[in-house]
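A.B. asks: Let's see this in three dimensions:
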Amino acid sequence: DVPCPELVRTYNQDMGSVDEHVHLRVHRHSIQKTLRHGSYYKNLFFGIVDMALVNGYIINKIVMKEQGKPVPTHADYLARHHVELLAQQKSDFEGNMQAQNLLSAPASGLPHVLTKTTETYKNKLRQYLCKVCSAYSDKQHRSFETPYYCQECSRTFGGRVALCNKVRREDSGNVDTYHQTWHMTWKNRTIIPPDIRKKIRLRKRKLEEVEEKVEVE
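C.D. replies: Residues are numbered from 1 along each chain as shown. Modelled structure (predicted):
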């Protein structure tokens, strides 16, 4: 057994409902209170989960008010998460299962920022199809060409990863650019939705050639 630090014991004994956050976490729909364990670190873990849920609810409430939309109750907010979790299927986790096969080389610590190409074609900057635009394109939505690409992803995947800075307007309420979708939502291509993963193609080149080309540019 791991001994409980005195600080944790004192907090659990003396901390009351001093603010809205603690009131929501401890006295309403608390996982920590529902799943009692003898180990302090398990209780601490469930307390952290409660904090994350409360923080999410508070942020959601602020955003909904700013957008002039109805604000759900704390119970409704949690119920929505329960429904979404219960609706998960095996296919929703396929992206993570294949993540270890997506990297041809360890990714370095360089930041993922967009770089503008210096290559030209007929006296104009060369344009490339945005990888995220191409994945979402269909008869109603065309893909965009862009001179921007991510050096770090191009180096990692052995092919140019072109990404544009346009916002995907087709998704209601979305404010992320395609560049942010690739790096933040898709975690640098590791958790692409299964239904569009096959639409993303990279022209494979030797990693040494890509690194040399990136350094020159």
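
A.B. asks: going forward, measure contacts and count neighbours with C-alpha atoms only.
C.D. replies: Will do.

A.B. asks: Off-centre distance for the longest helix seen in the chain?
C.D. replies: For the chain, the longest helix by residue count, based on DSSP state H, is helix 40-66. On the basis of C-alpha atoms, centre = their mean, to the nearest Å, helix 40-66 sits 18 Å off its chain's mean C-alpha point.

A.B. asks: Which residue is the nearest non-sequential neighbour of the spatially most central residue of the chain?
C.D. replies: In the chain, the residue lying closest to the centroid (C-alpha atoms, centre = their mean) is Thr185, at 3.3 Å. What sits nearest to Thr185 in space, not counting adjacent residues and going by C-alpha to C-alpha, 6 or more residues apart in numbering, is Ile191, at 7.9 Å.

A.B. asks: in which helix or strand would I find the one you found?
C.D. replies: Using DSSP states H and E, Ile191 sits in no helix or strand.

A.B. asks: Share the number of residues neighbouring it, please.
C.D. replies: Ile191 has 20 neighbours, counted by other C-alpha atoms under 10 Å.

A.B. asks: Return the distance of the nearest residue in space to Tyr148 that is not next to it in sequence relative to Ile59.
C.D. replies: Of all residues not flanking Tyr148 in the chain, Lys116 sits nearest, at 4.5 Å (C-alpha to C-alpha, 6+ apart). Applying C-alpha to C-alpha, to the nearest Å, the value for Lys116 to Ile59 is 35 Å.

A.B. asks: Name the residue in these two with the higher neighbour count.
C.D. replies: Lys116 (16 against 11).

A.B. asks: which stretches of the chain form strands?
C.D. replies: Assigned by DSSP state E, the strands in the chain fall at 114-116, 120-121, 124-125, 128-129, 145-146, 148-150.

A.B. asks: Point out the other helices and strands that the last one packs with.
C.D. replies: Helices and strands in packing contact with strand 148-150 are listed as strand 114-116; criterion 3 or more C-alpha pairs under 8 Å, 6 or more residues apart in numbering; DSSP states H and E.

A.B. asks: What are the contacting residues of the strand it packs on?
C.D. replies: With C-alpha atoms under 8 Å, 6 or more residues apart in numbering as the test, strand 114-116 has contacts from Pro147, Tyr148, Tyr149, Cys150, Gln151, Leu163, His179.
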